[in-house]
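Engineer: My questions concern the predicted model and sequence given below.
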Amino acid sequence: MNKLSCLLIILFVWLQYLLWFGKNGVYDLIIIFNSIKNYQNINNFNHMKIRNNQLLYEIYDLHHGFNAIEERARFDLGMVKSDETFYYTEYK
């Protein structure tokens, strides 16, 4: 085997090593792909999309509808209209 063949084989082995185990190689790609899958499972994108859509609908309703504002005032702030009677009961 001449020197050129040995040099080409050494170069090929070195390039293969860099491809599989070097920085940004296949091994790093597999690790990053697995961590992305883990984060997707943790975050549960479908649940977050549904929750975001509900929040967007609620924001739209608060901006454009007075019924939602009245409902919030009744439950959160204890609003009572002028012609209503308020009864307070304490549960134990």
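Structural biologist: Cool, got the structure.
Engineer: Enumerate every residue touching residue 70.
Structural biologist: For residue 70, the residues meeting the contact criterion (CB atoms under 8 Å, 6 or more residues apart in numbering) are residue 79. Glycine gets a C-beta too; all of them are placed from N, C-alpha and C.
Engineer: Kindly report the same for residue 73.
Structural biologist: By CB under 8 Å, 6+ apart, residue 73 lies in contact with residue 79.
Engineer: Return the distance of the spatially most central residue of the chain relative to residue 50.
Structural biologist: Central residue of the chain (CA atoms, centre = their mean): residue 43, 4.6 Å from the mean position. Distance, residue 43 to residue 50, by CB to CB, to the nearest Å: 13 Å.
Engineer: got the CA positions of the helix or strand of the chain with the lowest mean pLDDT in PDB?
Structural biologist: Using mean pLDDT, DSSP states H and E, the weakest-scoring helix or strand in the chain turns out to be helix 66-72, at a mean of 78. Listed in PDB are the C-alpha atoms of helix 66-72, where the atom choice follows Å, rounded to 0.1, in the frame of the first residue of the first chain:
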ATOM      1  CA  PHE A  66     -71.100  43.600  28.400                       C
ATOM      2  CA  ASN A  67     -72.500  40.200  29.700                       C
ATOM      3  CA  ALA A  68     -69.000  38.900  30.400                       C
ATOM      4  CA  ILE A  69     -68.100  42.100  32.300                       C
ATOM      5  CA  GLU A  70     -71.200  41.800  34.400                       C
ATOM      6  CA  GLU A  71     -70.600  38.100  35.000                       C
ATOM      7  CA  ARG A  72     -67.000  38.900  36.200                       C
END
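Engineer: Determine the number of other residues adjacent to residue 40.
Structural biologist: Counted by other CB atoms under 10 Å, the residues lying close to residue 40 total 10.
Engineer: quick one, domains of the chain?
Structural biologist: According to automatic domain parsing, the chain comprises the domains 1-43, 44-80.
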